[in-house]
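J.: kindly generate the corresponding structure for this input.
(chains A and B)
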Amino acid sequence: MFAQQLVNGLVVGAVYALIALGYTLVYGILQLINFAHGEIYMIGAYVGIAVLAVLGTMGLTQTSLALSIVLVFLIPMIYCAAYGITLERVAYRPLRNAPRLSPLISAIGMSLFLQNYVQVVQGARDKAFPNLLELGSFQLFGAYVNGLQIFILVLALGLMAALQLFIKKTKLGKAMRATAQDRTMASLVGVNVNRVIAVTFAIGSVLAAVAGVMVGMYYGIVNHHIGFVAGMKAFTAAVLGGIGNVTGAFLGGFLLALLESFWAGYVSAVYKDVFAFMVLVVVLIFRPEGILGGSGGEADRT
Amino acid sequence: MLELRDVHFYYGQIHALQGVSLEVRSGQVVCLIGSNGAGKSSTLMAISGVNAVSRGEILLEGEAIHAQEPDDIVRRGICQVPEGRRIFPHLTVLENLEMGAFLRNDAGGVKDDLDYVCSLFPVLHERRGQRGGTLSGGEQQMLAIARALMSKPRLLLLDEPSLGLAPRIIETIFGVLARIRDEGTGIFLVEQNAHLALNFSDWAYVMETGRIIMGDEPAVLRDSPAVREAYLGE
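T.: Next up is the predicted model:
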């Protein structure tokens, strides 16, 4: 039981963490909670279904599995990056110097709009995510582990490591950290702040798209509501770890999912969401800045 | 090389710059003195493209630059060391310096300039792995100037470089500024410390409530009763 819940928790944690990174990166630079971020993740899952449908009719899923897997991630990533950049342009940039409540309301509005838009275009019913990876399962310390779980975990950890490397080592990554610490000063050394913000939204959206496709593959089912719950959980994870802190988002994602998973396994599956938010409340009472701290535009604290 | 003509700027409802006109000739050190809230920092931020000018123009070698973005201004060779140094607190000293060279693509040249600024301020080399936020005020001011130099500016805008620093450190910093000036970089200096500014400059302006009220050689201003009373404390 313990090992099984651990495996389940790690897989869900990978998804939470990927989405939480998008919240935390944007918060770090704009001090804005992008409440429409969960919707980007949901759209990623839908685009994944569309890509699989096209690849299926072309017969590519049969002839070249590797290429299909690359495409089913890559196309939603590109699509969602465009969504994220557009979202910032349309809903947040015009309000950049407005009181902080205004972009927040705009974010909630965009979230509702995107949810309803997908409902209108794709229908309100659950959509099946075609099965692409037929991977066998095996037993490890008494837990059933399947290939898809390993795949999700490895891909998520790989992306997180790549993100850390990008932020720490590349010129653009350093510009992101500098912008998070002092936006005006970053522009005074020649950083095009608007471009950095667009890149930040793009990166967050790419990670959310990957999470969306993963969840589609994992549960086999997608609807236009999934962004709301997952977004709330990922936001909770980001706050838990310390919003604005990249490592915190990471840690918060896995921690929240593991706690949920063990609670569901040992206590009650019904109240697992209640438990998750209870943990948030308790943590915030004792550590208002989150486990690792780092609010106030310090996304650099990696 | 730099000219402001009747520049106006509103900070919200406040008419912060009310027709500022001044000129910085190439190779000169020009200073702007005035009391708190006179609009000195607003003037620098307008030149840097952070403050959007509502009327008037800013010319760099005859070309209008007041509608350009801050990164374009840096690209054109004007770099500002803002008030309060504004070091990136969680980047290391080395990373702060690298950020100064953000727009440059000549890796070799950047490396040479790193060595150069570290020779100007050896303490930065010693502290290169430390976070910017852990430096003392004087060290931060040195880092801020070094960071600006990393962009290879033609004109350096300095906002209150002496603020809150010990006399010995001010001396070090102005020694380096003199060296930069002698190497041909123009300097536009904003200072509350009028003694210091007038001694260091070739030309000086006095600002009051958003307007330039005087502009002359430092020696002339030093003899002016109004300046003596208001800014030199005599």
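
J.: strands along the chain, start to end?
T.: Answering for chain A, as no chain was given. In chain A, the segments counted as strands under DSSP state E are A:127-128, A:137-140, A:143-146, A:221-222.

J.: chain B, not that one
T.: Under DSSP E, chain B gives strands at B:2-11, B:14-24, B:29-34, B:55-60, B:63-64, B:78-81, B:155-159, B:186-191, B:203-208, B:211-216.

J.: what's the local residue count around the residue in the stretch 1-150 of chain A that chain B sits nearest to?
T.: Here the residue of the stretch 1-150 of chain A nearest chain B is residue A:97; by C-beta to the nearest C-beta that distance is 10.1 Å. In this view, the C-beta of every residue, glycine as well, is placed from N, C-alpha and C. Residues within reach of residue A:97, counting by other C-beta atoms under 10 Å in any protein chain shown, total 6.

J.: let me know the pLDDT of the most far-flung residue of chain A relative to its centre.
T.: Farthest-out residue of chain A from its mean C-alpha position, per C-alpha atoms, centre = their mean: residue A:188, at 31.7 Å. On the pLDDT scale, residue A:188 is placed at 97.

J.: wait, it sits on residue B:70?
T.: Yes. The criterion here is C-beta atoms under 8 Å, and residue A:188 meets it with residue B:70 at 6.0 Å.

J.: need the overlap of contacts for the two.
T.: Here residue A:188 and residue B:70 share the contacting residues B:48, B:50, scored by C-beta atoms under 8 Å, 6 or more residues apart in numbering or on different chains.

J.: so the residue nearest the centre of chain B bridges to which residues?
T.: Among the residues of chain B, the one closest to the centroid is residue B:158, at 1.5 Å (C-alpha atoms, centre = their mean). In this entry, residue B:158 is beta-bridged to residue B:81, residue B:189, by DSSP bridges.

J.: that one against residue B:187, yeah?
T.: Yes. Under the criterion of C-beta under 8 Å, residue B:158 makes contact with residue B:187 at 6.5 Å.

J.: common neighbours of these two, please.
T.: Joint contacts of residue B:158 and residue B:187 (C-beta under 8 Å, 6+ apart) are residue B:177.

J.: so what's the residue farthest from the centre of chain A closest to, chain neighbours aside?
T.: residue B:80 (5.2 Å; C-beta to C-beta, 6 or more residues apart in numbering or on different chains).

J.: list the contacts of that neighbour.
T.: Contacts of residue B:80 (C-beta under 8 Å, 6+ apart): A:188, B:44-45, B:47-48, B:148, B:156-159.

J.: before we move on, what about residue A:222?
T.: Per C-beta under 8 Å, 6+ apart, neighbours of residue A:222: A:42, A:45-46, A:49, A:126-129, A:212, A:215-216.

J.: go on, residue B:214?
T.: Counting by C-beta under 8 Å, 6+ apart, residue B:214 has contacts B:205-206, B:221, B:224, B:226-227.

J.: in the worst-scoring helix or strand of chain B on mean pLDDT, what's buried?
T.: The helix or strand of chain B with the lowest confidence, counting by mean pLDDT, DSSP states H and E, is helix B:225-231 at a mean of 82. Neighbour-count burial for helix B:225-231 flags B:227, B:230-231 (criterion: 16 or more other C-beta atoms under 10 Å in any protein chain shown).

J.: Serialize these to a markdown table and add fields for distance to chain A.
T.: Formatted as a markdown table, the buried residues of helix B:225-231 follow (distance: C-beta to the nearest C-beta, whole Å):
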| residue | distance to chain A |
| --- | --- |
| B:227 | 30 |
| B:230 | 30 |
| B:231 | 27 |
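
J.: for residue A:170, state which of those residues is nearest.
T.: residue B:231 (47.1 Å; C-beta to C-beta).

J.: what about the residue nearest to that closest one when sequence neighbours are not counted, how many residues nearby?
T.: Distance criterion C-beta to C-beta, 6+ apart; nearest residue to residue B:231, sequence neighbours excluded, is residue B:194 at 3.9 Å. Look at residue B:194: counted by other C-beta under 10 Å, it has 23 neighbours.
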